[in-house]
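Participant: any chance you can model this:
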Amino acid sequence: MRLKRIKALRSTVLLAGASSLVLAGCALKNPPFGADIMPESARAKIPGRWAGPHRSGTVVPNWIRTFGDPELTALVADAVERNPDLRAAAARVEASRAAVRIAASSLYPRIAMKGLGERQGQELGGDIGRDINPPSFGSSGTEDTGGAGLDTSMDKSSQRWVYGLAAGAAWEADVWGRIRSKKAAAKAESLALEADYEFARQSLAAAVARAYFSTIEAAQQEANAQETLDIYQEYSKLTDVRKQQGFASDFDVSQIKSRTSAAEDALYAAQAARAQTIRAIEVVTSRYPAGRFDVRRSFPGQPRAVPAGMPAQILERRPDLIASERRFAAAFHRVNEARTARLPRFVLSATSGLGTAELDGVTQPIFFGGELKAAQDLRTAEQKAAAASYVGHALRSFQEVEDALAADYYLRKREGALGDAVSSSADSIKFSREQLEQGQIDMFTVLRLTGENLAAKVQFTQVRASRLRERVNLYLALGGDFEGTGAPGK
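Facilitator: Prediction:
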């Protein structure tokens, strides 16, 4: 009983000593984040406002709703719910959280039990070193002293089974923070994957919106081609009549037929483009790409100017930049993990049944052929690469915002100019037809003006669609949120 108390006291002292080692160990350093990852030369060049034309104020949340199109909003929600790629990203987030728990488990004691089933016994054989055989007992129970007295060989065995249960525990005192660094790296990687999921979610919404506007653009171009085809077919009939009257030649007829065929080709091309963009929407919403999904044929109203916030704010808001920042943090913690792997390790173990606990010893790596130093150098290089990658990612993000702001400004100007061109060319066609009937101009002038009107309408439609798509790009570049944003449930 006294021996058990002594051993229990020894265990308590060792546990307390190990705990003191942990408390006295090095606290983990926090990695820099955001703009602090950048070198001072790059950080100092981030301006306080965007260079491109923009509206001041906080970035608008729920940007899908700013288009005022319930059909688009419902389509995005459907895509987010059904898209298989997004589900795969969500599964990767769940896996990363399990990886964090695995890394954290090393901070706690490991206890195991083992069932025992052991055979014990003895076996004698050969010469026993004497000139007589051991006595034997006959069937009557009396000693039988007979036998060959010169036989000095013998084969005899006895055995028994011993059953039991053993338990043991071991715990590494994380004095230098190696295990905590490993856990912190896994946690940072998990947060990076959460940010990847969110960026994938926003990118999916943007892809749906762009495909949606492209589908409307194709419908508008189809309408433009159909309207022009109708005009050419009308001119073709008129030319046939004028030929019969002697006012048009075969050359005139062939010219109008050529224009009619070109307009018909433009109509088919627009119809094919619309079917293709509809199939793209069907795929991202996990439908069979049959090209039969019903999408409106008119553009929604252009949204107002976007409040763009300040450049430095996107470092804290854009999910892809947050993911890059978290991967830098993971690389930062892995450097400390590799550095502390070269320091002594303190392991406490205990075995049940005996009441003993002992500090098995201090393990100090001495010579591993340079492996541990090379591992630290590897992690250090990875950290440098992660920092450089973050800086490059941030610069590209600033460029994307500036490009989108400039594109929005110039597309708005072009939309106004092309709108005037469409209106003026339509008036020219009307006046030319009146002059044609009066014999003041020929059919070629009318055809030329009609072609100019079609070209203006095509460009006007392209610019309207481009402006809506660029607005989506601007929201994505700014890191704008939309309703329901969030990583998989924790």
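Participant: now Trp176. Its backbone dihedrals?
Facilitator: When read as degrees, to the nearest 10, the backbone of Trp176 gives phi -100, psi 0.
Participant: ok, it - how many residues close by?
Facilitator: When counting by other CB atoms under 10 Å, one arrives at 22 neighbours for Trp176. Backbone N, C-alpha and C define where each C-beta goes, glycine included.
Participant: one more: Ala51?
Facilitator: Neighbours of Ala51 (other CB under 10 Å): 12.
Participant: three-state assignment of it?
Facilitator: Look at Ala51: counting by DSSP: H, G, I helix; E, B strand; the rest coil, its state is coil.
Participant: mind listing the strands for this structure?
Facilitator: 110-127, 136-137, 143-144, 153-173, 345-351, 356-363 (DSSP state E).
Participant: where does the prediction get shaky in the stretch 51-200 of the chain?
Facilitator: Along the stretch 51-200 of the chain, the parts satisfying pLDDT under 70 run over 115-165.
Participant: how about a cut-off of 80?
Facilitator: 60, 110-169 (pLDDT under 80).
Participant: number of nearby residues for Tyr235?
Facilitator: Tyr235, neighbours per other CB under 10 Å, totals 23.
Participant: same thing with Val458?
Facilitator: Every residue meeting other CB under 10 Å relative to Val458 is counted, giving 19.
Participant: check the spacing between it and Leu418 real quick.
Facilitator: For Val458, the distance to Leu418 (CB to CB, to the nearest Å) stands at 10 Å.
Participant: Pro289 now?
Facilitator: Plainly put, Pro289 is 33 Å away from Leu418 if you go by CB to CB.
Participant: likewise Ala98?
Facilitator: 55 Å.
Participant: more neighbours: those two, which one.
Facilitator: Leu418 (19 against 11).
Participant: break down the chain into its helices, ranges please.
Facilitator: Ranges of helices in the chain, per DSSP state H, are 2-24, 40-43, 70-82, 84-105, 178-244, 250-284, 314-317, 319-340, 371-437, 443-478.
Participant: quick one: contacts for the residue nearest in space to the middle of the chain?
Facilitator: Residue closest to the mean C-alpha point of the chain, counted by CA atoms, centre = their mean, is Asp196 at 3.1 Å. Neighbour list for Asp196: 89, 92, 319-320, 323 [criterion: CB atoms under 8 Å, 6 or more residues apart in numbering].
Participant: over to Tyr235?
Facilitator: By CB under 8 Å, 6+ apart, Tyr235 lies in contact with 256, 259-260, 443, 446-447, 450.
Participant: closest one to Thr228 out of these, please.
Facilitator: Thr450 (6.7 Å; CB to CB).
Participant: for the closest one, give its distance to Leu229.
Facilitator: 11 Å.
Participant: try Asp408
Facilitator: Asp408 is 33 Å from Leu229, by CB to CB.
Participant: Ala42 too?
Facilitator: 56 Å.
Participant: these two: who's more crowded?
Facilitator: Leu229 (20 against 13).
Participant: shouldn't the more buried one be in contact with Asp265?
Facilitator: No: using CB atoms under 8 Å, Leu229 is not in contact with Asp265, being 9.6 Å away.
Participant: low-confidence stretches in the stretch 301-450 of the chain?
Facilitator: For the stretch 301-450 of the chain, the ranges with pLDDT under 80 are 349-369, 436-437, 439, 443.
Participant: buried stuff in stretch 267-275?
Facilitator: 267, 270-271, 273-275 (16 or more other CB atoms under 10 Å).
Participant: pLDDT of it, averaged?
Facilitator: Average pLDDT, stretch 267-275: 93.
Participant: now find how far off-centre it is within its chain.
Facilitator: 34 Å (CA atoms, centre = their mean, to the nearest Å).
Participant: next: stretch 312-323.
Facilitator: 14 Å.
Participant: do me a favour and get the end-to-end distance for it?
Facilitator: Distance between the boundary residues of stretch 312-323 (CA to CA, to the nearest Å) amounts to 16 Å.
Participant: ok, residues contacting it?
Facilitator: With contacts defined as CB under 8 Å, 6+ apart, stretch 312-323 is touched by 34-35, 46, 59, 191-193, 195-196, 198-199, 202, 309, 325, 390, 393-394, 397-398, 401, 477-479.
Participant: list only buried entries from these.
Facilitator: By 16+ other CB under 10 Å, the contacts of stretch 312-323 give 35, 59, 191-193, 195-196, 198-199, 202, 309, 325, 390, 393-394, 397-398, 401, 477-479 as buried.
Participant: of all the helices of the chain, which one is nearest Ala51?
Facilitator: Short answer: helix 371-437, nearest of these by CB to CB, at 5.9 Å.
Participant: give the contact list for Leu86.
Facilitator: 80, 197, 200-201, 204.
Participant: need those in a markdown table with distance to Leu372 and neighbour count, can you?
Facilitator: Shown next, in a markdown table, are those (distance: CB to CB, whole Å; neighbours: other CB atoms under 10 Å):
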| residue | distance to Leu372 | neighbour count |
| --- | --- | --- |
| Val80 | 46 | 20 |
| Tyr197 | 35 | 23 |
| Ala200 | 37 | 20 |
| Arg201 | 41 | 23 |
| Leu204 | 44 | 19 |
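Participant: adding distance to Val362, write the residues you listed out as TSV.
Facilitator: As requested, the contacts of Leu86 are exported to TSV (distance: CB to CB, whole Å):
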residue	distance to Val362
Val80	54
Tyr197	43
Ala200	47
Arg201	49
Leu204	53
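Participant: closest one of the residues you listed to Ser423?
Facilitator: Nearest to Ser423 among those, with distances taken as CB to CB, is Leu204, at 38.1 Å.
Participant: could I get the contacting residues of that closest one?
Facilitator: 76, 79-80, 83, 85-86, 284.
Participant: pull the most distant pair out of these.
Facilitator: Val76 and Asp85 (14.8 Å).
Participant: more neighbours, the two?
Facilitator: Val76 (26 against 12).
Participant: isn't the more buried one right next to Val208, touching?
Facilitator: Yes: using CB under 8 Å, Val76 is in contact with Val208, at 5.1 Å.
Participant: picking that back up, which among the contacts of Tyr235 gets closest to Tyr212?
Facilitator: Of these, the one sitting nearest to Tyr212 (CB to CB) turns out to be Thr450, at 30.8 Å.
Participant: output the buried residues of stretch 267-275 as JSON lines; include the columns distance to Lys237.
Facilitator: Conversion of those to JSON lines gives the following (distance: CB to CB, whole Å):
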{"residue": "Leu267", "distance to Lys237": "18"}
{"residue": "Ala270", "distance to Lys237": "24"}
{"residue": "Gln271", "distance to Lys237": "24"}
{"residue": "Ala273", "distance to Lys237": "29"}
{"residue": "Arg274", "distance to Lys237": "28"}
{"residue": "Ala275", "distance to Lys237": "30"}
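Participant: tell me the one of those residues nearest Ile429?
Facilitator: With CB to CB as the yardstick, the closest approach to Ile429 among the buried residues of stretch 267-275 comes from Leu267, at 18.7 Å.
Participant: name the nearest residue to the closest one, ignoring sequence neighbours.
Facilitator: Ala225 (3.9 Å; CB to CB, 6 or more residues apart in numbering).
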